[in-house]
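Q: Any chance you could fold what I've pasted below:
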Amino acid sequence: MNKIFQRLMHNRVFLRLLSLGDQVVFAGGNFLLTILLTRFFTDKELAAYGMAVSFALILQGIQRNSYVIQNSLLNDKILKNRGKKILAEQIIAVVPLLLLLIITSFLFLSLHGEALSTLTLVATTTCFAIYAQLEFERMVLMKYRKFLIPFATSCAYALIIATLILCHSFLNFYQIMAILLIFACLKSFILLYVVGVPDFKGGWMLLRSDLRRNSLSSILGVIGYTGYMHTPVLFLGSLSTPMEAAAYVAMRALMQPLQIIVRSMDIIDKNFFRERASHSKHGVKHVMNRQIILYGVTSLLLSIVICAFSSDIIHLFYGGKYLDYRKMLYAWAVIVIFYSMLQPVESAIIMKKLLNKYNLVRLCLGIGTCVFMVLVAPLGSMDSVLVSMTVGIAGFAWGVIIVNQALNRSHPVKKPMILSLA
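A: Prediction:
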């Protein structure tokens with residue numbers, strides 16, 4: 001029995017399925033939370049949650065581009081040798097900001113009551129606690145070959161949210177956010193058990209080194225990414241009505257299962273990208289193009305299904321609420337398809353040390369989106385999502401162009417040397 005288990009833990013197909021299960025269950029929990037807020041809470045509270053998710057993902061994006069992606073591309077042995085330093089790096093980067101958000105939330109509660117700003121800040125605190133450790137935790141546990149733990153914690157998360165739905169009549173928005181915050185904080189102790197006592201001195205040095213090397217490109221990339229993925233909901237919350245922002249959040253949530261499926265594939269593929277590229281006859285370009293096709297076809301097929309049954313899906317999950325906004329779902333499908341195909345391009349960009357160059361392009365796209373959003377956000381959510389869709393496609397196209405230009409300049413004979421530099 002133990003031999004069978006060991007074989008499964010080294011089988012990439014099984015690991016992909018397990019990662020998919022983890023992501024699907026976690027996404028299911030988030031989707032249940034969206035249903036809970038849509039059906040039983042106000043447009044203002046749903047809009048606040050949607051903006052909070054965007055704020056949390058912006059912060060996570062800086063963290064992800066500063067050290068999480070780079071560590072995920074390391075082999076298992078190297079990461080284990082640095083494990084205690086990397087865990088300390090995570091604690092030093094995340095805990096002070098989380099404490100600041102908690103303190104600020106209490107101040108806003110006492111000063112502003114139930115204003116949209118207060119609701120958004122409280123929800124941002126919870127979402128940041130959840131997302132700041134999510135991908136980091138999965139990456140570390142995968143390197144330590146603790147593949148079952150992420151799946152188990154995702155099941156616990158989904159179960160808690162299902163329980164909150166059953167008890168919604170006894171809870172308010174703040175209590176729901178507090179319960180999820182407590183769960184996220186308790187879950188973080190798992191890494192202490194797996195990795196051991198953090199090396200804070202080494203972690204501080206590692207964080208300084210990573211920030212010095214990656215912070216500029218990380219911030220540029222996140223600004224650009226924010227422009228076409230998160231700016232629309234933030235501008236809608238500020239310049240339009242809570243109804244428009246809530247509809248945007250609701251339609252975005254319906255595409256989340258597809259994003260999670262692709263993300264689960266990418267988590268596995270990023271861990272093996274370097275190995276596959278070094279063993280492949282055509283190297284990085286071959287592996288990247290194959291994954292682009294796989295992710296693109298998967299996203300396209302699932303998007304067609306979601307869009308074909310959009311009215312039925314909205315009736316099923318939202319009770320018909322926001323049905324007038326279903327055309328927005330079609331635009332979101334296009335966004336997700338191109339965003340999915342961007343993931344392997346991102347891996348190739350990092351391996352070829354082109355992140356700064358690509359992030360400058362994304363920065364220009366993000367700034368352009370912000371300018372357009374000032375003009376279109378007052379008109380409503382549909383115009384906003386169309387701007388996001390157009391810029392997202394442009395970002396993918398430029399990423400492919402940059403990588404292919406770099407790969408075409410590389411001489412075939414020197415391919416192993418190029419890979420060793422990555």
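
Q: neighbours around L302, how many?
A: 19 (other C-beta atoms under 10 Å). Bear in mind the C-beta positions are built from the backbone N, C-alpha and C, glycine included.

Q: Please read the previous query as pertaining to S347.
A: Counted with other C-beta under 10 Å, S347 comes out at 24.

Q: what separates it from Q70, distance-wise?
A: 11 Å (C-beta to C-beta, to the nearest Å).

Q: next one: F41
A: 39 Å.

Q: quick one: which of the two has more around it?
A: F41 (18 against 15).

Q: I'd say that one and Y174 touch.
A: No. Contact between F41 and Y174 fails when scored by C-beta atoms under 8 Å: they sit 11.2 Å apart.

Q: okay, now N404: neighbour count?
A: For N404, using other C-beta under 10 Å, the count is 15.

Q: Hmm, it is touching M288, no?
A: No. The pair N404 / M288 is not scored as a contact, 9.1 Å apart, by C-beta under 8 Å.

Q: Ignoring the adjacent residues along the chain, who's closest to T42?
A: Of all residues not flanking T42 in the chain, P242 sits nearest, at 7.6 Å (C-beta to C-beta, 6 or more residues apart in numbering).

Q: where's the one you found relative to F55, distance?
A: In terms of C-beta to C-beta, P242 sits 17 Å off from F55.

Q: Surely C185 is in contact with F128?
A: No. Judged on C-beta under 8 Å, C185 makes no contact with F128 at a distance of 11.4 Å.

Q: for the chain, what helix or strand is lowest in average pLDDT?
A: Within the chain, no helix or strand scores below helix 415-421, which has a mean of 33 by mean pLDDT, DSSP states H and E.

Q: Contacts only, for A246.
A: Counting by C-beta atoms under 8 Å, 6 or more residues apart in numbering, A246 touches 38, 43-44, 46-47, 50, 322.

Q: Which one of those is nearest to L74?
A: Among these, G50 lies closest to L74 (C-beta to C-beta), at 34.4 Å.

Q: Let me know the helix or strand that that closest one is in.
A: Element membership of G50 [criterion: DSSP states H and E] is helix 43-63.

Q: Against A245, how distant is A162?
A: Taking C-beta to C-beta, one finds A162 at 26 Å from A245.

Q: for L20, same thing?
A: If you go by C-beta to C-beta, the gap between L20 and A245 works out to 31 Å.

Q: okay, those two: which has more neighbours?
A: A245 (29 against 19).

Q: what does the model give that one for pLDDT?
A: With respect to pLDDT, A245 has a value of 80.
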